[in-house]
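Undergrad: A structural model of the following input is requested.
(one chain, ligands or ions: 1)
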Amino acid sequence: MFSPQIQRVIDQVDRLRETVDDHWQIPRDEAALLAQLVRLGRCVSICEIGASYGFSTLHLAAAAFENGGHVHSLEQDPKKVAATTKHLSEAGLDGAATVHEGDARATLKGMNPGSSFDFVFIDAQKSQSFDYLEAIWPLLAPTATIVTDNTTTHAEELASFVAHLRSRPNVVSCHVPVGNGFELTIRRTELPG
Ligand SMILES: C[S@@+](CC[C@H](N)C(=O)[O-])C[C@H]1O[C@@H](n2cnc3c(N)ncnc32)[C@H](O)[C@@H]1O
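TA: Below you'll find the predicted structure:
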(Lines give C-alpha, C1' and ligand atoms only; values in the text may rest on other atoms or scores of the structure.)
Protein backbone atom coordinates (compact mmCIF):
# COMPACT_ATOMS: atom_id res chain seq x y z
CA MET A 1 0.00 0.00 0.00
CA PHE A 2 2.98 2.29 0.57
CA SER A 3 6.59 2.31 -0.62
CA PRO A 4 9.03 0.21 1.46
CA GLN A 5 10.65 3.39 2.83
CA ILE A 6 7.33 4.82 4.02
CA GLN A 7 6.08 1.46 5.35
CA ARG A 8 9.28 1.00 7.35
CA VAL A 9 8.73 4.31 9.18
CA ILE A 10 5.01 3.59 9.67
CA ASP A 11 5.94 0.25 11.28
CA GLN A 12 8.56 1.94 13.45
CA VAL A 13 6.06 4.55 14.70
CA ASP A 14 3.44 1.82 15.16
CA ARG A 15 5.77 0.10 17.65
CA LEU A 16 5.62 3.19 19.88
CA ARG A 17 2.32 1.73 21.13
CA GLU A 18 4.42 -0.73 23.15
CA THR A 19 6.93 1.73 24.57
CA VAL A 20 5.44 5.23 24.83
CA ASP A 21 2.54 6.08 27.14
CA ASP A 22 1.30 9.14 25.26
CA HIS A 23 1.35 7.79 21.67
CA TRP A 24 -2.48 7.80 21.43
CA GLN A 25 -2.41 6.87 17.75
CA ILE A 26 -5.29 5.53 15.69
CA PRO A 27 -5.40 1.78 14.95
CA ARG A 28 -3.78 0.49 11.76
CA ASP A 29 -7.04 -0.33 9.97
CA GLU A 30 -8.38 3.16 10.58
CA ALA A 31 -5.13 4.75 9.36
CA ALA A 32 -5.26 2.66 6.18
CA LEU A 33 -8.85 3.74 5.57
CA LEU A 34 -7.92 7.41 6.05
CA ALA A 35 -5.27 7.10 3.35
CA GLN A 36 -7.78 5.42 1.04
CA LEU A 37 -10.30 8.25 1.59
CA VAL A 38 -7.64 10.82 0.66
CA ARG A 39 -6.80 8.80 -2.45
CA LEU A 40 -10.46 8.31 -3.38
CA GLY A 41 -11.27 12.01 -3.02
CA ARG A 42 -8.03 13.00 -4.78
CA CYS A 43 -7.61 15.38 -1.86
CA VAL A 44 -4.72 17.81 -2.08
CA SER A 45 -5.10 20.24 0.82
CA ILE A 46 -5.32 18.40 4.11
CA CYS A 47 -5.47 19.58 7.70
CA GLU A 48 -4.85 17.29 10.64
CA ILE A 49 -5.60 18.44 14.19
CA GLY A 50 -3.52 16.31 16.55
CA ALA A 51 -0.38 14.64 15.12
CA SER A 52 1.03 12.93 18.20
CA TYR A 53 4.14 11.04 16.92
CA GLY A 54 2.95 11.14 13.33
CA PHE A 55 1.30 7.76 12.76
CA SER A 56 -1.81 9.20 11.12
CA THR A 57 0.24 12.06 9.61
CA LEU A 58 2.41 9.56 7.72
CA HIS A 59 -0.67 7.90 6.21
CA LEU A 60 -2.25 11.21 5.23
CA ALA A 61 1.02 12.58 3.82
CA ALA A 62 1.75 9.42 1.82
CA ALA A 63 -1.69 9.57 0.18
CA ALA A 64 -1.48 13.36 -0.30
CA PHE A 65 1.91 12.96 -1.97
CA GLU A 66 0.39 10.58 -4.52
CA ASN A 67 -2.19 13.29 -5.32
CA GLY A 68 0.43 16.06 -5.46
CA GLY A 69 -1.05 17.47 -2.26
CA HIS A 70 0.09 18.69 1.14
CA VAL A 71 -0.81 18.08 4.78
CA HIS A 72 -0.83 20.79 7.45
CA SER A 73 -0.67 18.98 10.77
CA LEU A 74 -1.31 20.92 13.99
CA GLU A 75 0.22 19.71 17.26
CA GLN A 76 0.77 21.53 20.53
CA ASP A 77 3.42 19.29 22.14
CA PRO A 78 6.92 20.41 20.97
CA LYS A 79 8.39 16.95 21.58
CA LYS A 80 5.77 15.40 19.30
CA VAL A 81 6.20 18.11 16.66
CA ALA A 82 9.92 17.28 16.53
CA ALA A 83 9.24 13.53 16.39
CA THR A 84 6.59 13.79 13.67
CA THR A 85 8.83 16.09 11.59
CA LYS A 86 11.66 13.56 11.93
CA HIS A 87 9.41 10.64 10.97
CA LEU A 88 8.13 12.46 7.89
CA SER A 89 11.70 13.20 6.85
CA GLU A 90 12.79 9.57 7.36
CA ALA A 91 9.85 8.50 5.17
CA GLY A 92 10.88 10.97 2.45
CA LEU A 93 7.62 12.86 2.98
CA ASP A 94 8.98 16.13 4.38
CA GLY A 95 7.86 17.95 1.22
CA ALA A 96 4.32 16.59 1.58
CA ALA A 97 3.57 17.79 5.10
CA THR A 98 4.22 20.69 7.47
CA VAL A 99 3.85 20.27 11.22
CA HIS A 100 2.71 23.45 12.95
CA GLU A 101 3.54 23.77 16.63
CA GLY A 102 0.95 25.37 18.92
CA ASP A 103 -2.65 25.25 20.00
CA ALA A 104 -4.65 24.34 16.89
CA ARG A 105 -7.33 26.87 17.77
CA ALA A 106 -4.82 29.72 17.55
CA THR A 107 -2.93 28.25 14.59
CA LEU A 108 -6.12 27.93 12.53
CA LYS A 109 -7.10 31.54 13.23
CA GLY A 110 -3.90 32.87 11.67
CA MET A 111 -3.68 30.28 8.94
CA ASN A 112 -3.57 30.82 5.21
CA PRO A 113 -3.06 27.31 3.82
CA GLY A 114 -2.67 28.49 0.18
CA SER A 115 -5.62 26.42 -0.99
CA SER A 116 -8.69 25.73 1.10
CA PHE A 117 -8.86 22.37 2.88
CA ASP A 118 -10.57 19.50 1.06
CA PHE A 119 -9.85 16.97 3.84
CA VAL A 120 -9.75 17.48 7.61
CA PHE A 121 -8.89 14.94 10.29
CA ILE A 122 -9.88 15.99 13.82
CA ASP A 123 -8.10 13.95 16.50
CA ALA A 124 -7.13 16.16 19.45
CA GLN A 125 -9.01 17.13 22.64
CA LYS A 126 -12.62 16.01 22.45
CA SER A 127 -13.73 18.91 24.69
CA GLN A 128 -12.37 21.36 22.10
CA SER A 129 -14.09 19.79 19.08
CA PHE A 130 -16.59 22.65 18.63
CA ASP A 131 -13.72 25.17 18.65
CA TYR A 132 -11.79 23.25 15.99
CA LEU A 133 -14.87 23.02 13.79
CA GLU A 134 -15.66 26.73 14.02
CA ALA A 135 -12.04 27.61 13.26
CA ILE A 136 -11.75 25.22 10.30
CA TRP A 137 -15.14 25.93 8.68
CA PRO A 138 -14.10 29.17 6.91
CA LEU A 139 -11.02 27.38 5.55
CA LEU A 140 -12.95 24.55 3.85
CA ALA A 141 -13.06 24.00 0.09
CA PRO A 142 -16.56 23.94 -1.50
CA THR A 143 -16.34 20.14 -1.33
CA ALA A 144 -14.62 18.91 1.81
CA THR A 145 -14.42 15.73 3.87
CA ILE A 146 -14.18 16.00 7.65
CA VAL A 147 -13.23 12.94 9.68
CA THR A 148 -13.76 13.19 13.44
CA ASP A 149 -12.04 10.41 15.35
CA ASN A 150 -13.23 8.49 18.43
CA THR A 151 -16.98 8.47 17.85
CA THR A 152 -17.06 4.86 19.09
CA THR A 153 -14.51 5.09 21.91
CA HIS A 154 -15.79 8.51 23.13
CA ALA A 155 -19.39 8.17 21.93
CA GLU A 156 -21.00 9.88 24.90
CA GLU A 157 -18.51 12.75 25.03
CA LEU A 158 -18.87 13.41 21.30
CA ALA A 159 -22.64 12.87 20.99
CA SER A 160 -23.61 16.56 21.01
CA PHE A 161 -20.76 17.41 18.64
CA VAL A 162 -21.84 14.70 16.18
CA ALA A 163 -25.46 15.90 16.39
CA HIS A 164 -24.27 19.43 15.71
CA LEU A 165 -22.15 18.31 12.73
CA ARG A 166 -25.11 16.48 11.21
CA SER A 167 -27.33 19.54 11.59
CA ARG A 168 -25.01 21.91 9.76
CA PRO A 169 -26.02 23.17 6.32
CA ASN A 170 -24.72 21.50 3.15
CA VAL A 171 -23.65 18.38 5.04
CA VAL A 172 -24.14 14.62 4.86
CA SER A 173 -22.58 12.64 7.67
CA CYS A 174 -22.44 9.11 9.06
CA HIS A 175 -20.64 6.95 11.62
CA VAL A 176 -17.94 4.57 10.40
CA PRO A 177 -17.29 1.73 12.87
CA VAL A 178 -13.61 1.14 12.02
CA GLY A 179 -10.82 1.46 14.56
CA ASN A 180 -11.76 4.05 17.18
CA GLY A 181 -14.89 4.76 15.14
CA PHE A 182 -15.16 8.04 13.27
CA GLU A 183 -17.76 10.42 11.93
CA LEU A 184 -17.38 10.83 8.17
CA THR A 185 -18.79 14.18 7.14
CA ILE A 186 -19.01 15.54 3.62
CA ARG A 187 -19.66 19.24 3.21
CA ARG A 188 -20.64 20.18 -0.32
CA THR A 189 -21.89 23.69 -0.99
CA GLU A 190 -24.47 22.44 -3.51
CA LEU A 191 -26.08 20.10 -0.94
CA PRO A 192 -29.29 21.38 0.71
CA GLY A 193 -28.62 24.22 3.17
C1 LIG B 1 -5.01 11.29 19.92
S2 LIG B 1 -3.53 12.17 19.75
C3 LIG B 1 -3.34 12.25 18.00
C4 LIG B 1 -3.00 10.93 17.40
C5 LIG B 1 -2.64 10.99 15.93
N6 LIG B 1 -3.70 11.60 15.15
C7 LIG B 1 -2.41 9.60 15.37
O8 LIG B 1 -3.39 8.89 15.14
O9 LIG B 1 -1.24 9.23 15.20
C10 LIG B 1 -4.04 13.80 20.13
C11 LIG B 1 -2.94 14.83 20.00
O12 LIG B 1 -3.55 16.12 19.99
C13 LIG B 1 -2.67 17.02 20.62
N14 LIG B 1 -3.50 18.17 21.04
C15 LIG B 1 -4.42 18.22 22.03
N16 LIG B 1 -5.01 19.43 22.08
C17 LIG B 1 -4.44 20.16 21.08
C18 LIG B 1 -4.62 21.49 20.63
N19 LIG B 1 -5.51 22.32 21.19
N20 LIG B 1 -3.87 21.92 19.59
C21 LIG B 1 -2.95 21.09 19.01
N22 LIG B 1 -2.74 19.82 19.39
C23 LIG B 1 -3.48 19.36 20.42
C24 LIG B 1 -2.05 16.23 21.75
O25 LIG B 1 -0.81 16.78 22.13
C26 LIG B 1 -1.93 14.83 21.14
O27 LIG B 1 -0.65 14.59 20.64
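
Undergrad: Within range of the ligand, give me the residues from this protein.
TA: Contacts of the chain with the ligand, taken as CB under 6 Å from any ligand atom, map to 24-26, 50-52, 55-56, 74-77, 80, 103-105, 123-125, 128. Using the backbone N, CA and C atoms, a C-beta is placed for each residue, glycine as well.

Undergrad: go with 8 Å
TA: Applying CB under 8 Å from any ligand atom, one finds that the chain approaches the ligand through 13, 22-26, 31, 48-57, 74-77, 80, 102-105, 107, 121, 123-125, 128, 131-132, 149-150.

Undergrad: From those residues, which land in strands?
TA: When these are checked against strands (DSSP state E), the matches are Glu48, Ile49, Leu74, Glu75, Phe121, Asp149.

Undergrad: Am I right that the last one is in contact with Gln125?
TA: No: using CB atoms under 8 Å, Asp149 is not in contact with Gln125; the gap is 11.5 Å.

Undergrad: Looking at those two, which is more packed in?
TA: Asp149 (25 against 15; other CB atoms under 10 Å).

Undergrad: per-residue confidence for the more buried one?
TA: According to the prediction, Asp149 has pLDDT 98.

Undergrad: tell me which residues form a beta bridge with it?
TA: Using DSSP bridges, the bridge partners assigned to Asp149 are Phe182.

Undergrad: For it, give me its contacts.
TA: Going by CB atoms under 8 Å, 6 or more residues apart in numbering, Asp149 touches Ile26, Glu30, Phe121, Ile122, Asp123, Asn180, Gly181, Phe182.

Undergrad: do Ala104 as well
TA: So Ala104 contacts Ile49, Gly50, Leu74, Glu75, Gln76, Ala124, Gln128, Tyr132, Ala135 (CB under 8 Å, 6+ apart).

Undergrad: what's the weakest-modelled helix or strand in the chain?
TA: Taking mean pLDDT, DSSP states H and E as the measure, helix 16-19 is the helix or strand of the chain with the lowest mean score, a mean of 92.

Undergrad: Bridged to the spatially most central residue of the chain, which residues?
TA: Centrality entry for the chain: nearest residue to the mean C-alpha point is Phe121, 2.6 Å, by CA atoms, centre = their mean. Beta-bridge pairing of Phe121 under DSSP bridges involves Glu48, Val147.

Undergrad: Just confirm it contacts Cys43, I think it does.
TA: No: counting by CB under 8 Å, Phe121 sits too far from Cys43 to count as a contact (10.5 Å).

Undergrad: so where do the helices sit in this structure?
TA: For the chain, the helices defined by DSSP state H cover 4-14, 16-19, 28-40, 55-66, 78-90, 104-109, 129-136, 155-167.

Undergrad: between those, which one is nearest to Pro192?
TA: With distances scored as CB to CB, the stretch of the helices of the chain nearest to Pro192 is helix 155-167 (12.1 Å).
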